[in-house]
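Below is the structure, and that's it, no one-letter string:
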């Protein structure tokens, strides 16, 4: 701030500089360091005594600015005394004040070295207080007590919020009574990024499938061995049921289901696939049907998937259908390669 000096400066810099120079010239490094530390201690005492944070309101704005400018000027000047001892710390002070160091002899002892209007970068604390073992123990005990209290309060709030929201959330999670079953399921376009043979099951593939989630690809097991070669799987786009409970399939944690059509005699299985240019992660839909997917817990509890799966079949040309309605993406129809009238699961 562009203000006048205070009536009494934070420290007598001319005297401090003279004493410091005498110590350093006679190679009394410890004495020089003590002079610098004592001067900083005086500045800290001045700041505490003046307490500009209590100078509130416009009527004390000028007084507040005078104290702040005086302290910044004192810190800048005294930082020069630290350069031989803590060069990095002193340089950091100059950087924060956006004012380069000068020769010690050139510094104005009346603390008019900084340019008014220069931005001060606050940043991180340069040096934290070194605590004694007793202080550390007390601080740790206090911190643990506060942490325990905060945790208890957090749990209390969570419990209360859960109780308030339980009935509403539960009903919402289950979907509205008149919501079409298909829309309660979250079926997305997925891309198989990795596929390998299940080590303990002859009929299973293990896959990593990208369904556009931030957490990365899902791991899913599917019984497609014997119908597809391993080389056919990687890079293929498929439809993935995403809101099913995770389940162990012969020891493999499977987080979803890949949809496929199956002939009546079970000899032929074909993947239900989206158009090649369908975006990964897009949720498939049926024109005219709306609704948000429900939770995996509600899908399991209310056996929603079983009911929806009963209506899934391939139609003419292998088109994927639910209760006679086409399942599509923004890029067009989903379907199997050749199977017609085959159940999808």
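Thanks, I have the structure now. These numbers come from a predicted model, not from an experiment.

Could you report the distance from residue 326 to residue 338?
17 Å (CB to CB, to the nearest Å). Where C-beta positions appear, they are placed from N, C-alpha and C, glycine not excepted.

So which of these two has more stuff around it?
Each of residue 326 and residue 338 has its neighbours counted (other CB atoms under 10 Å); residue 326 has more, 16 against 13.

What is the neighbour count of residue 162?
Neighbourhood size, residue 162 [other CB under 10 Å]: 10.

Equivalent analysis for residue 292, please.
Residues near residue 292, counting by other CB under 10 Å: 13.

Which of the three states applies to it?
Under DSSP: H, G, I helix; E, B strand; the rest coil, residue 292 falls in the coil class.

tell me the pLDDT at it?
Confidence at residue 292, expressed as pLDDT, is 93.

correct me, but it touches residue 183?
Yes - using CB atoms under 8 Å, residue 292 is in contact with residue 183, at 7.4 Å.

any chance you could map the helices in the stretch 1-150 of the chain?
Per DSSP state H, counting those that start in this stretch, the stretch 1-150 of the chain carries helices over the ranges 13-25, 29-50, 61-82, 87-97, 133-174.

out of those helices, which comes closest to residue 121?
helix 87-97 (4.9 Å; CB to CB).

any idea of the mean pLDDT for that closest one?
92.

The spatially most central residue of the chain and residue 84: what is the separation?
A centroid search over the chain (CA atoms, centre = their mean) returns residue 214, at 11.4 Å, as the residue closest to the centre. If you measure residue 214 against residue 84 using CB to CB, the figure is 52 Å.

what does residue 148 give?
47 Å.

Mind checking which of these two has more residues around it?
For residue 148 and residue 84, the more surrounded residue by other CB under 10 Å is residue 84, and the numbers stand at 13 against 10.

Tell me if I'm right that the more buried one and residue 21 touch.
No - between residue 84 and residue 21 there is no contact under CB under 8 Å: 11.8 Å.

Low-confidence ranges, the chain, go.
By pLDDT under 70, the low-scoring segments of the chain are 130-131, 163-175.

do that again at 90, thanks
Applying pLDDT under 90 to the chain flags the ranges 1-2, 7, 56-58, 121-178, 226, 266.

Give me the nearest residue to residue 288, chain neighbours excluded.
Spatial nearest neighbour of residue 288, excluding adjacent residues (CB to CB, 6 or more residues apart in numbering): residue 325 at 7.6 Å.

Settle this for me: the one you found is touching residue 286, isn't it.
Yes - here residue 325 reaches residue 286: they are 4.7 Å apart, a contact under CB under 8 Å.

which parts of the helix or strand hosting residue 297 are buried?
Following DSSP states H and E, the helix or strand that holds residue 297 is helix 296-301. Buried residues in helix 296-301, counted by 16 or more other CB atoms under 10 Å: 296, 298, 299.

Can you name the element that comes right after that helix?
Remark: after helix 296-301, the chain's next helix or strand is helix 304-309, criterion DSSP H and E.

Need the contact partners of that next one.
If you take CB atoms under 8 Å, 6 or more residues apart in numbering as the criterion, helix 304-309 is touched by 181-182, 184-185, 241, 244, 294, 298-299, 322, 343-345.

For it, what is the distance to the chain centroid?
Here the centre of helix 304-309 is set off from its chain's centre by 36 Å, with CA atoms, centre = their mean, to the nearest Å.

again, but for stretch 99-111
45 Å.

ok, residue 11 to residue 283 distance?
Distance from residue 11 to residue 283, by CB to CB: 69 Å.

Look at those two and report which has more neighbours.
Neighbour totals were compared for residue 11 and residue 283, and residue 11 leads with 21 against 17 (other CB under 10 Å).

quick one: the more buried one and residue 43 touch, right?
Yes - with contacts counted by CB under 8 Å, residue 11 reaches residue 43, the gap being 5.6 Å.

Can you check which residues contact both of those two?
74, 78.

in this protein, which strand has the most residues?
What stands out as the longest strand in the chain, according to DSSP state E, is strand 187-197.

I'd like to check what contacts the helix or strand just after that one. Which residues are they?
Sequence order places strand 205-210 as the next helix or strand after strand 187-197, per DSSP H and E. For strand 205-210, contacts defined as CB under 8 Å, 6+ apart pick out 190-198, 216-225, 228, 230, 233, 238, 240, 252, 256, 258, 280-281.

in strand 205-210, what's buried?
205, 206, 207, 208, 209, 210.

Switch those residues over to a markdown table; also include distance to residue 92.
Conversion of the buried residues of strand 205-210 to a markdown table gives the following (distance: CB to CB, whole Å):
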| residue | distance to residue 92 |
| --- | --- |
| 205 | 58 |
| 206 | 54 |
| 207 | 53 |
| 208 | 47 |
| 209 | 50 |
| 210 | 46 |
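
No more questions from me, cheers.
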